[in-house]
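**Q** the sequence and its predicted three-dimensional model are supplied below.
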Amino acid sequence: MAHRILRRSAIRVLAIVTPALQACYTYVPVNSQAAAPASGHYVELEITDRGRVGLGERFGAGVLQISGTLVTQQGGDLVLSVDRISNIDGAMDRWSGDTTRIDRDFVGRMTERRVSAGRTALLAVAAAAAIYATASSGLLGGGKDSNDEPTGPINQSNRVPTRPHFSRDLQFRLWRISVP
């Protein structure tokens with residue numbers, strides 16, 4: 001019974017905390033034709049129709065969005081360490097951080113990922129509420145439920161006896177054989 005309560009509480013905690021984990025960041029639009037964000041920032045690039053044609057050989061047909069860390073800007077190109085590509089049909093491919101050049105003319109919209117103070121505070125409040133709910137339900141060692149008391153004999157075992165192994169069934173006692 002205690003395990004069941006523990007599992008329910010753990011599921012509640014995960015239900016509260018998991019959506020909030022995504023809440024620490026927000027994506028801020030960046031003018032794709034102005035100066036790019038500083039190198040090392042995580043960006044998402046929405047690719048134009050012209051860009052889908054131009055980048056088709058490198059990223060596959062129908063590339064919609066390219067995400068990764070901005071390495072540098074060289075002339076009219078963005079050098080990006082790519083970690084994710086999304087296609088028009090909804091497929092998402094993970095990349096291992098390969099560095100590639102993307103022409104700025106192929107980018108329709110650029111967003112930069114930033115830490116959101118308000119959302120991070122909301123996550124901290126949700127985590128504190130989950131910890132409080134877990135502690136107040138007695139799962140951290142303070143509560144006792146009278147319905148969990150055993151009704152049968154206390155020393156009764158539910159253990160199933162083990163079946164003897166084959167090697168124990170065939171025992172040869174050669175040491176008792178005597179030679180005259």
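**A** That came in fine, so what should we check first?

**Q** average pLDDT across the helix or strand hosting Ala127?
**A** Using DSSP states H and E, Ala127 falls within helix 117-136. Helix 117-136 shows a mean pLDDT of 79.

**Q** now that helix: buried residues?
**A** By 16 or more other CB atoms under 10 Å, the buried positions in helix 117-136 come out as 123, 126, 130, 134. Quick note: C-beta positions are derived from backbone N, CA and C, even for glycine.

**Q** redo these as a markdown table? Include distance to Asp89.
**A** Converted to a markdown table, the buried residues of helix 117-136 look like this (distance: CB to CB, whole Å):
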| residue | distance to Asp89 |
| --- | --- |
| Leu123 | 33 |
| Ala126 | 34 |
| Ala130 | 37 |
| Thr134 | 42 |
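
**Q** and which of those is nearest Ser81?
**A** Leu123 (26.9 Å; CB to CB).

**Q** from memory the closest one sits against Cys24, does it?
**A** Yes - with contact defined as CB atoms under 8 Å, Leu123 reaches Cys24; the gap is 6.0 Å.

**Q** which residues of this structure score low on pLDDT?
**A** Applying pLDDT under 70 to the chain flags the ranges 1-23, 31-36, 137-158, 161, 163-180.

**Q** 90 instead?
**A** Residue ranges of the chain with pLDDT under 90: 1-41, 56, 58-62, 72-77, 89-91, 93, 95-98, 104, 108-109, 111-180.

**Q** in the protein, which spans are helices?
**A** 2-21, 49-54, 56-59, 117-136, 166-169 (DSSP state H).

**Q** using PDB, write down the CA coordinates of the second one.
**A** Spelled out, that is helix 49-54. Below are the C-alpha coordinates for helix 49-54, written out as PDB (Å, rounded to 0.1, in the frame of the first residue of the first chain):
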ATOM      1  CA  ASP A  49      11.100  28.800 -49.500                       C
ATOM      2  CA  ARG A  50      14.200  29.900 -51.400                       C
ATOM      3  CA  GLY A  51      16.300  28.500 -48.500                       C
ATOM      4  CA  ARG A  52      14.500  25.100 -48.700                       C
ATOM      5  CA  VAL A  53      15.700  24.900 -52.300                       C
ATOM      6  CA  GLY A  54      19.200  26.100 -51.600                       C
END
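
**Q** just the buried residues of it, please?
**A** 51-52, 54.

**Q** just give me the closest of those residues to Leu64.
**A** Using CB to CB, the buried residues of helix 49-54 come closest to Leu64 at Arg52, 7.7 Å.

**Q** wait, doesn't the closest one sit right on Val63?
**A** Yes - applying CB under 8 Å as the test, Arg52 and Val63 come out as touching, 5.7 Å apart.

**Q** which neighbours do the two have in common?
**A** Common contacts of Arg52 and Val63, defined by CB atoms under 8 Å, 6 or more residues apart in numbering, comprise Ile88.
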